[in-house]
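Participant: What follows is a predicted protein model with its sequence.
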Amino acid sequence: MLDKIWQRMYHKAKAVQNFREISNHMEAGGVAATVLSSSGKIYTGVCVDTASTLGVCAERNALFI
């Protein structure tokens, strides 16, 4: 059972991972993550990196939803 959940989480993360340069000082999507809630729902997020190091990691973005 756990293997199937991990596979679903992996595929959902891969589906949203898509590196893109937003500007000369910002990029997003190089890293993706999923979070499994106690209800069984899977949330996804991608990293947002900035030149000022004030970006947000993929795991935190998945939790923000």
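Facilitator: Perfect, I can see it now.
Participant: Run through the chain and note the low-pLDDT ranges.
Facilitator: For the chain, the stretches flagged by pLDDT under 70 are 1, 65.
Participant: And the strands in it?
Facilitator: Along the chain, the segments classed as strands by DSSP state E run 20-23, 26-36, 42-50.
Participant: Dump those into CSV; add distance to Gln7 and mean neighbour count as well.
Facilitator: C-beta: built from backbone N, CA, C; applies to glycine. Written out in CSV, the entries for the strands of the chain read as follows (distance: least, Cβ to Cβ, whole Å; neighbours: other Cβ atoms under 10 Å):
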stretch, distance to Gln7, mean neighbour count
strand 20-23, 26, 10
strand 26-36, 11, 18
strand 42-50, 11, 18
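Participant: Could you dump these into TSV with distance to Trp6 added?
Facilitator: Conversion of those to TSV gives the following (distance: least, Cβ to Cβ, whole Å):
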stretch	distance to Trp6
strand 20-23	27
strand 26-36	9
strand 42-50	11
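Participant: Nearest to Asp3, out of these?
Facilitator: Comparing the strands of the chain against Asp3 with Cβ to Cβ, the closest turns out to be strand 26-36 (13.4 Å).
Participant: Remind me what the closest one packs against, helices and strands.
Facilitator: Under the contact criterion of 3 or more Cβ pairs under 8 Å, 6 or more residues apart in numbering; DSSP states H and E, strand 26-36 touches helix 2-16, strand 20-23, strand 42-50, helix 58-64.
Participant: Which of these sits closest to Thr34?
Facilitator: Thr34 lies closest to helix 2-16 among these, at 4.1 Å (Cβ to Cβ).
Participant: ok, residues contacting that closest one?
Facilitator: Gly29, Ala32, Ala33, Thr34, Leu36, Ile42, Thr44, Gly45, Val46, Ala58 (Cβ atoms under 8 Å, 6 or more residues apart in numbering).
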